[in-house]
Structure formats: C-alpha cells, structure tokens
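Trainee: generate a structure from the sequence data that follows.
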Amino acid sequence: MEYSNLDEKHAMRVQLTKLIEDWNASRLDLFALCEPNEELEFHGVMRFYFQDSGQKMATKCIRVSSTATTRAVIEALIEKFHADLRLLSTPSYSLWEVHENGEKRKLLADEKPLLVQLNWHKDDREGRFLLQIDKADQQHQQRNLHPLEAIENGASMRRKLSKRESKKLEKQQKMNQIREAEDVTKLLYSAVPNTNFTRTISNPEIVMKKRRERKLEQKLKDLGEGGSLKIYGEELSETKPYVTLLLSLRDRADKVVKETLEKYGLDRHCSDDFCLVQLCTNEQGDIYERLLDKDDCPLLILAQEANESNCVTFHVRRKPSTLSRSTTGFTGAAGRIADGPRPSIQAQQHNNKLDTLPYLLEINPDGSEPAGASRIFVIRPNVTEVGSDRTFTKPGVQALCLYGPHVHPRHCVIAFMDGLTTLTPCDATAEITVDDVSITETTILKQNNLIRIGGIHLFRFYETGGENMNSVHAEAFMKPNTTTTTNNNNNSNSTNDNNASSYGSVIGGGRIADSSINGMERILHAAGGMSPRAQELGSNAKFLTRTSSNVEDVIPALFEFSNNVEDDLLNAFIGELIPSNVSFKLTSAYMLYMCCRYRIVRYLDVGRSWSTCSSSLNCFLTKTSRMINETIQAHCQDAGALAFWMSNLAEALNFLKLDVDLAACSSPEPQGSMADLIQKAFDYLTVCLKQDLHTAMPPILDPQALDQAATEPCLHVLNCVMNLLRVNRVNAALTIQLFSQLFHYINMYLFNWLISSEGSVYCCRRWGIKLRSRLSYVLAWAEKQGLELAAECRLVRILEASQLLQLDFKRGFTKLNSLQTASLLERYIPEADEPPLDRETVTALIQFAEREVDRCQSYEHVPLQLEEEIDLLLPFLIPDDGYSPEMVRGIPAGLQDFANSLAQRGFGQLLIQPTSSGSWAVHFSGDSLFDIPLPRELINC
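Mentor: Numbers count the residues shown, from 1 in each chain. Below you'll find the predicted structure:
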C-alpha cells in the first residue's frame, strides 16, 4: 500500500512538473514557477491590484506558495498596500479573479491563488487578481461615516417594500452588480493597460498558436468519422488556390461554403451569394459540373463517387443567376457553368472586406492629421510583412513596403488571425513604437493605437470601420497584385509597374530631356540630391524624369570627387588615416565603396563605353591596393593598424564581389590584390600577437603559483586581442582563424616545453592535474567568447598529454602520435606512493597510437614528428558572409563626420540619398547595369 501511494505521488509530481513547464514556456521570467518539491509544493511571483475609492489603481508583486490560501494572501496584501491606514474601521476584503473579456469571480477563502493562476494555461488565458473591500462593509462604512445624510434621505424610516417592489429592487441590484463588475474590469484594464510590465504572458503569438492547436484537436475529437477536404477558391483569391477544411461525413454544403469564405478572409454572412460546385473529371479528360444543394454532404459524396477513373473536386463560386441544379455535361478543361470569365471576388467583395478587416491610417510624423486625404493600408488575414525589401513590391506579395534610413529590409510582421491583430518586430534593433512605447516582442494591437515604424512612418490602427473610409483611397490598397510603397520624401502612394524602371541601379528607363546638362547631376537630382553646379543652373534646367512612380532603393550616400583630387583623396582615407582617430572603424571600406559607386554612375551617365568605365575603375582600385600595401608595410608591427586594415580590406573586397555592378565592371586582378593584402595583414597581425602571448606564457609553467594566478597574464593578452578585433569590427570568421593561431601557439609552447629537457622533470601525475586545471581557465574563457570549438581543437595535444600524465586511459587519444606518446611515457616519473608503469601498458599505448593516430596522419600527409610546429599550417580563408552591410543601417555618424572633413579640405562632397532605405546591400542582387541596354541618347553622346 505504501508503494502504491509513493507511485501515485510520483505520478502527480510528474504531471505537476509538466504543467509548470507549460506555464513557464509562455510566461515572463519574473513569473516563472519553480519545480515542486517532494510535498508537491512550489512557489512563484504573482501580481495583485488594489483600488480604493478615489484612488488610482495600485499594483504589487509578492512571492506566493502553492499552499497559501486566499485568506493568507489577503492578509499579506493588506500589509503591502497599507489599505487599512486610510480607514476608520477595519473592513473585510475579498480577492477577485478578473479577465479582460469581463468575467469576474470571487475566490473562496480556502482556494489557492497560485493554483488558480496555474490553471489559466488550460485556456491560454491572461487574468488579473484584484483586491477589493467587500460590498457589505463598504455600505456599512458609508452608513457609519454619514449618519445625518442617511436620516435626511429617509433611510432610517424606510417602509417595508411590497413583493413586487422587492423583486424589482433585487433585479436592479443584480444589474448594478453586473454593471459594477464591468466597470471594475474596464477600469482595471484601462488604468493599467497590458504592457511588458503588467502582463505575465511573454509571447501572445505562442498563446494564440496553442489556442489554434487546441481548437484543432477538439475539432478532430468532435468529428468522429470524417477527414480533411480541399476546397478550391480560384475566384476568391488569385494567390491562394485552395484551402483545407476538417469535415465530418455529416457536414453540409452550406457549412462548407461559410467556412471556406472565412478561411479566405471574407464575410461568412455573404454565403448566400456563393455555391459549392462539384467537378468530376473522367479518364478521357471530360469534366462534369454539378451545383450542390445546401443539404448535400461533400465528404460523403467524395467517399461514394471518387475512384481511380473519376477525379472529384469541390469549388466555391459565386452563384450565377441562370444556374439550375441539373447536371450539365461538357468536354474540355475550359468549360464553365456560365459563359465568359468570372470577375474576381476580391474586387466584387471590396466593400465587405473593408468593413470586416482592420486597417492602418497614415498620419503625419508629428501625430497631426494630414492636410489632404489620408493613405490607408487594409490588413488582410494571415501575415503581412513590413520593410524596405524590394521583393515586397512584386505582384501578389502581401506586404507593406516602407523606405527610410532606419527601416530594415524585413522590419516587422503584422498578423491578423482569429480576430486579433498582432505586431512582431523581426529584429531586436528594429525601431517600432506603439503609443510611444518601444516594443521588442509580439504586441496585440488595439483600437486607435499609434504605430511608428522606423522613426518616420506613423500609422493609426483601426480594428474595424472600413465602411467609413473613402472608397477612392481604399481602392488603391485593394487592387489585386498591388503593394503599397511609401517614400519618406513625399509620402506618395505608388503601385508596382513591371514595365517601368527607376534609378535604384543608377541607370533606368527614363529619357534624357536635355543632354547639355551633366548626366550625373540629373541623376542626383532624381535621387533627391543635387550638386552645386546643378543648383547654379536655376529652375529653368530640365532634369531627367522617371516614367514610374516607384522609387527603387539605393545606397544611403555617394562620395562625389573629381579626377584631379583622386590621389589626394585616397591618401586622405588610406595613407594619412590614423585608425585611433576615427570612431567608425570601417570608414576606409565604406569610403572606397561610395567612391566606386560614384565613379560607375558618372562614367556611364556621360555615355562612355563599358570598357572605358571598367578601365577607369580598375585603375582606381589598383591605385587603392598599392597605397594600402604601402600602409600595411609601414605598420607591420602595429597590431591596431593591422587589425584595422585587415577588417577594412575584407569589407571592401566583400563590396566588390557582391555588388552586381562593381563585380561586372572590375577585373579579377584588383580583387586578387585585395585578397593577398588581407592575408598579409593577417600574417603580420598573427606575428605581433604571438610575441605578446609569448611573454605571458612563463607564468603558466610556474609550479609554485596558484592555477588561476598562473593563467591571468595569458587571459589578459587574449582579452586584449578580442577587444582589439571587436573595436575594429573584424569579421567573425577571421577572428576564429586568428584565435586558432593563438590557441595553437599555447599548445605548441606548453607541449614542446613538456618534452624538452627542462620540462621532463614535470612529467608526473601531479603536474598533469595542475596543467589540466590551468588550461581549464583558458577553455572557460574561450567558451564565454564563443571560441570553444577552436580552443578544444587547437589545444587537444596538450590536453591529451595532461590526460596521459594522469594515467587516465579510459578516454582514447586521438592526436598524440606514437613518437609523442612514447616520449611522454619514457619521461614519466611515478609519485612516491605510485608503482612504476609496466612495460606492457607502455607498449599497448604506443601500438594504439601507431594504429589510430599515425595511420590517420599518413593519410593526411602529415609528417610524423615529436615536436609541434611553431605555426599552424592551415590555408587562409576569406569569409563569404558575416560582414557589416547585414547590420549597418544608414550613414554612421563617424563616417559622415569623416566625409565632411574631407569635403572641407576640398576633396569632394558627401551626397546623401534621401530615397534610400538605409541598406548598404541594395546592389548585392538583381540585374547589373551592364546587362541593361543603354538609352539611345547615351549611345549617341
């Protein structure tokens, strides 16, 4: 019997632990519950609310046990809120469970509030606990506090009520209680709205997903006999061919139509305008259509009629006025019940969709209403992406395209599901505020929320009410295959035009109106910026016009310069530049990229040939490489300068390789020169850092020092190296390669010392333990930096040597070859109370090394040797990804300051392009300028 009770208690504990894990998975860390103990008791933080008459809603958090009753919690809350201090008498209190939908329940005195809260997860609910003075005590206090007023109102001489009056009064009191409960709920959630501070749910999106999964599970249980059925709606949506419904054999056609409309985001109350059509296709390709009656059961029909020679499908269509229920036979796949193409339901149900769907109304960035008509974006069901990605302008994409310096390519996601609209940032750095509160996780949108995206785009959210919108404005957002695009310059509405081109890649389909004006100035004007010469031409000058209203994305800025200052400009951001004087450590790479983009634009615009442009760019890049090479040679012993140039060269090479225009225009030689310079800077930097590390190695070999103190100099050097690389924004893959060299140097230094005459006296178990302990500090540091794999891989021989000295043979040896194993075992000095190694063990270990390690090294053409190589002989790899354009948005302040300083010296000027989304990677994909045929005007120049 005792074992039975123990098993039952264990099962209860497992079940309770699972329940707590489910709760913690969707709650903030503050409200996480601890695991239950042997007595099934657990603890957690709960938030409580209290409001006295005329006072603001107050909130407190206290730690509560699962065994604490409502009575005990109320006593603790009274002390917390100090509620009794404001009263002349001591009232009684009650604790209420309140939910946002208006539900309110009084907790019994012996209930456990923490268990009540834990049960919320069953329905994925979010509630609040409200402390209130009992109604009877409140009325009693009012009578005691105002006796004269009660006498004046006749309360003390009130006559006995009749039965009818008593019922009426009782009904009135119930209505007052309901109204009061609604008022309290409304006050509780309006005075203290849902924020990251007040709610417990960490991710509402997860909760909604669980709710949908539970709904699906329940539906599957209720079905009994049934299954899934595809319902095609080619007329309902051009991008969503069908939906899948879970149906039972008894579900009728009218129900199927309603659920299909709901799946497509249409009003299910419009189901009378639609019908369910059965299509049967035989082996000869003949198609027969039949309009199903509302009492027909589609799944039952499918089970009875579908076979190998007969394909049955179901389609929801608009009811034709002349359609009869009789079966109509026809041949050919193009046959229809009614002649002629059917209009799209998206256009026909335009008003219905606007009435039922939420929408965003754009307002001025300062919060004021626009002087003219406001722009509207209707939020369709499922997911709508928001950002500056150029793919958002393609037909059929459900997205809102916004441009701006702080708008990411994929900035956030708006989801409209189950009647709720949520906003989720795609990245922690994405600038999004809701009612001036910055958000970093999923937020449920409510009526009149003000949503600011990227700092400049401001929208007001409306849950419903499309019927109040101007149909002209709404129509622009409801056209099929049209995506709204906004521009932070003029905030104008534009739609995608596949046949029109613009100046995102410098050359477009626009025609040159006046060839006498320098083409570069015209393009800069079209992109939002003008050179001084263009400004001097006055308002009569004709500039290049675009045939498309869509503004294609460009990089944030160019650097304009003339040929006669080219050498001085390069010397300014290469030869004369002092890395410690610039705050943006990738200044040289970005300056080079802006100059290269400007050179392509200028040469192509004035009508020069492709070969001339390519020759000019290659000459410019060759000159750049030569100057950087001279700079690296001059600072070959300066670790800071070498890290700076290694990082900038890698970034510049990445720009040249990924920019479709630069890659097509530049020859392989300049890119090869830059790759060689990256390796040269890497090699010089490795030598400098090894010299610093060499001075920190002797303390590790000090037998008298404490293990932690012995490794401090080494860890200090590693920390300095990591800080140096991070400050200079060195690519992560280059960082790993550099630390691999340093970890190998530590391994080489310690291992070669251990097998030397000086270190052979330390070949004992005690030193093996000490060496392993000291290396553990290095491994722990590497793990914190994300370098644990590099450290374990490069320190493996000295780690295995320490393991061998401890005579730990349980784990195999994978890197110690037979020469190294034999040398360590021959030098091994047993402790005073330790027997010497027997010959059989030594022979077995050496044979194992010959069989496992030596053979692998011979396959890899690694020479068999005793000492470790001083340098790690690995090929140098230039990374393909992980560069700054993935993260840098807009023009960094340090870059702009540096460019402005060059402008003051007369080397050129920074041309900021306000139409840019802020991304530096906009030219990394798409068609190259050299794949676009030049306009006739350019060819004839």
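Trainee: rounded mean pLDDT for stretch 458-465, please.
Mentor: Averaged across stretch 458-465, pLDDT comes to 84.
Trainee: can you show me the CA trace of that stretch as CSV?
Mentor: Extracted in CSV, the C-alpha atoms of stretch 458-465 (Å, rounded to 0.1, in the frame of the first residue of the first chain):
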residue,chain,number,x,y,z
LEU,A,458,3.3,56.9,-38.3
PHE,A,459,0.0,55.0,-38.6
ARG,A,460,-3.2,54.9,-36.5
PHE,A,461,-4.7,51.4,-36.1
TYR,A,462,-8.4,50.7,-36.5
GLU,A,463,-9.8,47.2,-35.7
THR,A,464,-12.8,47.7,-38.0
GLY,A,465,-14.7,50.5,-39.7
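Trainee: report the buried residues of that stretch.
Mentor: 458-463 (16 or more other CB atoms under 10 Å). Every C-beta, even on glycine, is put in place using the N, C-alpha and C of the backbone.
Trainee: in CSV: those residues, plus distance to residue 22 and secondary structure.
Mentor: Converted to CSV, the buried residues of stretch 458-465 look like this (distance: CB to CB, whole Å; DSSP: H, G, I helix; E, B strand; the rest coil):
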residue, distance to residue 22, secondary structure
458, 39, strand
459, 35, strand
460, 37, strand
461, 31, strand
462, 35, strand
463, 30, coil
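Trainee: nearest to residue 625, of those residues?
Mentor: residue 458 (46.8 Å; CB to CB).
Trainee: the closest one against residue 364, yeah?
Mentor: Yes. With contact defined as CB atoms under 8 Å, residue 458 reaches residue 364; the gap is 6.9 Å.
Trainee: re earlier: residue 309: which of the buried residues of stretch 458-465 is nearest?
Mentor: Nearest member of the buried residues of stretch 458-465 to residue 309, counting by CB to CB, is residue 463, at 50.8 Å.
Trainee: and that closest one, what does it touch?
Mentor: Counting by CB atoms under 8 Å, 6 or more residues apart in numbering, residue 463 touches 358, 421, 445-447.
Trainee: so which of those sit within strands?
Mentor: Taking DSSP state E as the definition of strands, the contacts of residue 463 contribute residue 421.
Trainee: could you chop this structure up by domain?
Mentor: 2-154+167-191, 206-348, 355-486, 519-679+884-939, 732-859 (automatic domain parsing).
Trainee: now the strands for the stretch 751-900 of the chain?
Mentor: In chain order, the stretch 751-900 of the chain shows no strands, with DSSP state E, counting those that start in this stretch as the criterion.
Trainee: where along it do the helices fall?
Mentor: In the stretch 751-900 of the chain, the helices defined using DSSP state H, counting those that start in this stretch lie at 765-784, 788-794, 796-805, 818-827, 839-849, 855-859, 893-904.
Trainee: what comes up buried for the second one?
Mentor: To tie it back to what came earlier, the one meant is helix 788-794. The neighbour-count check on helix 788-794 (16+ other CB under 10 Å) flags 790-791, 794 as buried.
Trainee: next one: the first one
Mentor: Judged by neighbour count using 16+ other CB under 10 Å, the buried positions of helix 765-784 are 765, 767-768, 770-772, 774-775, 777-779, 781-782.
Trainee: including distance to residue 270, could those residues go into a markdown table?
Mentor: Formatted as a markdown table, the buried residues of helix 765-784 follow (distance: CB to CB, whole Å):
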| residue | distance to residue 270 |
| --- | --- |
| 765 | 84 |
| 767 | 84 |
| 768 | 81 |
| 770 | 81 |
| 771 | 79 |
| 772 | 75 |
| 774 | 76 |
| 775 | 73 |
| 777 | 71 |
| 778 | 70 |
| 779 | 67 |
| 781 | 66 |
| 782 | 64 |
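Trainee: please convert those to JSON lines, extending it with distance to residue 686 and pLDDT.
Mentor: Shown next, in JSON lines, are these (distance: CB to CB, whole Å; pLDDT from 0 to 100):
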{"residue": "765", "distance to residue 686": "35", "pLDDT": "90"}
{"residue": "767", "distance to residue 686": "30", "pLDDT": "90"}
{"residue": "768", "distance to residue 686": "30", "pLDDT": "91"}
{"residue": "770", "distance to residue 686": "29", "pLDDT": "91"}
{"residue": "771", "distance to residue 686": "25", "pLDDT": "92"}
{"residue": "772", "distance to residue 686": "27", "pLDDT": "92"}
{"residue": "774", "distance to residue 686": "24", "pLDDT": "92"}
{"residue": "775", "distance to residue 686": "21", "pLDDT": "94"}
{"residue": "777", "distance to residue 686": "23", "pLDDT": "94"}
{"residue": "778", "distance to residue 686": "18", "pLDDT": "95"}
{"residue": "779", "distance to residue 686": "21", "pLDDT": "94"}
{"residue": "781", "distance to residue 686": "19", "pLDDT": "95"}
{"residue": "782", "distance to residue 686": "17", "pLDDT": "93"}
